[in-house]
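Student: the sequence isn't on hand, but the structure is:
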């Protein structure tokens, strides 16, 4: 198995030389569509699983037309599509309706008395732009024995966060 990452900011030509050898592709919608349109020999006929994580955010960020174009270029027979979203927005339901056959909706803790597990502690802080990395670093240092998930919006923020942590 081999995996590859297709994101903006990298040389398209370098990605194009390796993309057809990959079994698993993780890609931003725009870069994936670019390879579908421009990379000679880019073939999706054997695609069996399409995973769209944060489908609601992808649509909120204005990628609905890009997703429609991607899905139109993919095989419909034998493909399983998985849409992951923290929220079931109208745009996600519309995408499911348009691109999926017999969509099935699954909700974590749909039968639970609370929307999140009782032992899960959620918190947030409003912090000025210039203090975010310092506050994140301080939080992580003070919670070394805890399991922590940090969500970031962009690749650039992830790179900066990794720089701070390492």
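Tutor: That came in fine, so what should we check first? Given the structure is predicted, the values throughout are model-derived calculations rather than measurements.

Student: now do the same end-to-end measure for stretch 64-84.
Tutor: Taking C-alpha to C-alpha, to the nearest Å, stretch 64-84 runs 15 Å from one end to the other.

Student: look up how far residue 83 lies from the residue nearest the centre of the chain.
Tutor: The residue lying closest to the centre of the chain (C-alpha atoms, centre = their mean) is residue 53, at 3.7 Å. Noted for residue 53: a distance of 9 Å to residue 83, by C-beta to C-beta, to the nearest Å. All C-beta atoms are positioned from the backbone trio N, CA, C, and that covers glycine.

Student: go on, residue 139?
Tutor: 31 Å.

Student: between those two, which is the more surrounded one?
Tutor: Legend: neighbour count by other C-beta atoms under 10 Å for residue 139 and residue 83, higher for residue 83 (21 against 14).

Student: for that one, grab phi and psi.
Tutor: Residue 83 has phi and psi values of phi -110, psi 120 when expressed as degrees, to the nearest 10.

Student: can you check residue 81 too?
Tutor: phi -120, psi 130.

Student: offset the numbering so it begins at 42, please.
Tutor: Understood, numbering begins at 42; the last thing we discussed is residue 122.
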